[in-house]
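Participant: I would like to see how this sequence folds:
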Amino acid sequence: MSAIRILFIFMAAVISTGIWLSGYNQVHWLLYIPPAALLFAGITGICPGYMLFSRLGFKGGDKL
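Facilitator: Predicted coordinates:
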């Protein structure tokens, strides 16, 4: 597993821990999207955010 995939999983865990510490009923539903996308990117290697921004016309390296 590459370092970037481990980083995605770690960031999802940190955000999820913050949600858990705040209380699940206290946070807005929109806060659940980034950890879900990061976990998906870490497990599958497909980054939804990278795909979205590349389709919007932003350029970047094809590392993922």
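Participant: what's near enough to touch Leu52?
Facilitator: Taking CB atoms under 8 Å, 6 or more residues apart in numbering as the contact definition, Leu52 lies against nothing. No exception for glycine: its C-beta is placed from N, CA and C like everyone else's.
Participant: Pro35 now?
Facilitator: Contacts of Pro35 by CB under 8 Å, 6+ apart are Met11, Ala12, Ala13, Ile15, Ser16, Ile19.
Participant: show me what contacts Ile19?
Facilitator: By CB under 8 Å, 6+ apart, the contact set of Ile19 is Val27, Leu31, Tyr32, Pro35.
Participant: for the residues you listed, which one is nearest Pro48?
Facilitator: Lowest distance from Pro48 to those (CB to CB) belongs to Pro35, with 12.4 Å.
Participant: Can you list the buried residues in the least confident helix or strand in the chain by mean pLDDT?
Facilitator: In the chain, no helix or strand scores lower on mean pLDDT, DSSP states H and E than helix 48-55, which sits at a mean of 88. For helix 48-55, the neighbour count (16 or more other CB atoms under 10 Å) marks Tyr50 as buried.
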